[in-house]
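Enquirer: From the sequence below, what's the structure:
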Amino acid sequence: MTRMLLAPAYTSLQGDPLSNNDMKAISAHHYKKLVNLTESSVTYRSHLLARSKGAWSKLSGGAGRWIFERFMSRIYTYIFALANILHWYGGFGLFNDTVAAVAPNAAHPHRPALYLAMTIAFYILLVCLRSARNLLASPYFIVTDGKEATYLFTTRFKKSLNSSRETALYVLDCVFSVSVVGSLVVFVWRGTWALLDIFLFPEEPVKSYISSLVVGYGVMIASFSLQAPIRWVVARLHGTPRLLLADVYHFVSFIATVNVWRGVWGMLDTYLFPDTPKLSNWCSHTISLALLILLNCSNSVLVRGVYIDAEEPAGECVIFPCHYLRLFFHKERTKKRHRLALAAAAAASARKSEELTGLPL
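Expert: I've put the predicted structure just below:
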């Protein structure tokens with residue numbers, strides 16, 4: 001089917017279809033361009049990461065260099081965020097179009113069953129790929145802005161460009177991580193969101209959004225309260241039981257995440273300049289982004305690679321990386337220890353120089 005869809009593009013100027021050899025040559029040419037583009041993007045990302053390290057402390061660095069690198073990292077994050085949004089926008093639209101093609105009438109009695117069946121099918125695929133944890137987002141995930149957090153992210157099979165032979169595997173890994181795992185996540189989100197729209201007070205939008213907020217934050221508080229005992233149990237399980245318990249815990253947390261997003265989103269649509277949607281959208285976009293940058297956690301809006309279910313040792317697989325204050329104070333303590341170590345080393349060097357100067361010739 002793919003060949004049939006791409007055949008019109010592989011025609012000569014005279015309108016004659018290209019031969020199989022010509023199509024293979026063109027495919028090889030485009031694949032080579034894709035490989036070169038991938039290598040260039042990874043090289044550029046590595047270059048940005050290398051530039052950002054020690055921007056303040058290097059001999060060629062300083063305040064100006066540090067500010068410039070911070071600015072560049074935020075631009076990189078913003079472009080990455082736009083790519084994520086376009087992916088999600090397209091996934092939501094594709095899901096909606098599929099449902100509309102099967103059941104064109106919005107009042108069709110089988111529409112809810114269709115939404116449910118598609119959502120369950122996509123979720124099962126995620127579980128089979130051991131990628132169900134990727135359904136989670138803020139408030140369960142908070143990523144502070146840093147060098148590694150900005151420029152480094154994982155793929156499903158964790159391939160890298162250590163050699164030219166691994167380029168093809170890396171390209172396939174990236175394509176699979178985005179087009180398969182990422183798209184499945186989008187579809188499950190859309191299906192769950194649509195089911196909430198159908199069953200949670202559909203005739204009363206404000207009541208529906210408030211209910212989503214109550215359910216979302218209520219389940220979130222419960223899930224965080226149960227994190228310690230769940231971690232204890234998971235640490236003592238092995239194999240399939242450990243994986244299933246982690247998936248159930250992540251699924252409950254996902255339900256909380258969707259409800260929180262839906263509730264906040266709906267309340268903004270209802271009360272933030274409802275008569276001027278463009279102004280409402282621009283205000284929520286710019287103000288929220290500015291606050292995230294000021295709070296040093298703008299990376300939280302990104303899809304940070306692909307997580308593998310129950311990959312971490314013991315019970316760490318059910319611990320959510322959302323320790324904003326803990327990370328902040330940890331960074332400050334690390335910086336303080338580094339400054340003290342440098343000061344102690346400088347003092348020791350000065351004392352040694354004085355001792356050597358005071359020695360008789």
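Enquirer: hey, let's count contacts and neighbours off CA atoms from now on
Expert: OK.
Enquirer: just how off-centre is the strand or helix carrying Ala121 within its chain?
Expert: Element membership of Ala121 [criterion: DSSP states H and E] is helix 111-128. Using C-alpha atoms, centre = their mean, to the nearest Å, the distance from the centre of helix 111-128 to the centre of the chain it belongs to is 22 Å.
Enquirer: and it, what does it pack onto?
Expert: On a contact count with 3 or more C-alpha pairs under 8 Å, 6 or more residues apart in numbering; DSSP states H and E, helix 111-128 meets helix 63-102, helix 183-199.
Enquirer: and the angle from that helix to helix 63-102?
Expert: 130 degrees (axes from the mean of the first three to the mean of the last three C-alpha atoms, to 10 degrees).
Enquirer: hmm, who's touching helix 111-128?
Expert: Identification of contacts with helix 111-128 by C-alpha atoms under 8 Å, 6 or more residues apart in numbering yields 99, 103, 132, 181, 184-185, 187-188, 191-192, 194-195, 198, 247.
Enquirer: Buried residues of that helix, list them for me.
Expert: Going by neighbour count (16 or more other C-alpha atoms under 10 Å), the buried part of helix 111-128 is 111-112, 114-116, 118-119, 122-127.
Enquirer: What's the mean pLDDT across that helix?
Expert: In this model, helix 111-128 has a mean pLDDT of 96.
Enquirer: Extract the C-alpha trace of it and format it as CSV.
Expert: The C-alpha trace of helix 111-128 is given here as CSV (Å, rounded to 0.1, in the frame of the first residue of the first chain):
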residue,chain,number,x,y,z
ARG,A,111,-19.5,6.1,19.3
PRO,A,112,-18.6,5.7,23.0
ALA,A,113,-18.0,1.9,22.5
LEU,A,114,-15.8,2.8,19.5
TYR,A,115,-13.8,5.3,21.6
LEU,A,116,-13.4,2.8,24.3
ALA,A,117,-12.4,-0.1,22.0
MET,A,118,-9.8,2.0,20.3
THR,A,119,-8.4,3.4,23.5
ILE,A,120,-8.1,-0.1,25.1
ALA,A,121,-6.4,-1.4,21.9
PHE,A,122,-3.8,1.3,21.9
TYR,A,123,-3.2,1.0,25.6
ILE,A,124,-2.6,-2.8,25.2
LEU,A,125,-0.1,-2.1,22.5
LEU,A,126,1.7,0.3,24.8
VAL,A,127,1.8,-2.3,27.6
CYS,A,128,3.1,-4.9,25.2
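Enquirer: any idea whether Thr155 is helix, strand or coil?
Expert: What DSSP: H, G, I helix; E, B strand; the rest coil gives for Thr155 is coil.
Enquirer: isn't it right up against Ser177?
Expert: Yes: with contact defined as C-alpha atoms under 8 Å, Thr155 and Ser177 form a contacting pair (5.8 Å).
Enquirer: Could I get the phi/psi values of the most centrally placed residue in the chain?
Expert: Centroid-nearest residue in the chain: Val303, 1.1 Å away (criterion: C-alpha atoms, centre = their mean). Backbone dihedrals for Val303, given as degrees, to the nearest 10, come out at phi -90, psi 110.
Enquirer: in the protein, which spans are helices?
Expert: Ranges of helices in the chain, per DSSP state H, are 2-6, 20-52, 63-102, 111-128, 147-151, 167-175, 183-199, 205-225, 227-235, 239-271, 277-294, 324-358.
Enquirer: can you redo the ones you listed as TSV with distance to Phe141?
Expert: Below are those laid out as TSV (distance: least, C-alpha to C-alpha, whole Å):
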stretch	distance to Phe141
helix 2-6	37
helix 20-52	22
helix 63-102	15
helix 111-128	19
helix 147-151	13
helix 167-175	22
helix 183-199	15
helix 205-225	12
helix 227-235	14
helix 239-271	10
helix 277-294	14
helix 324-358	10
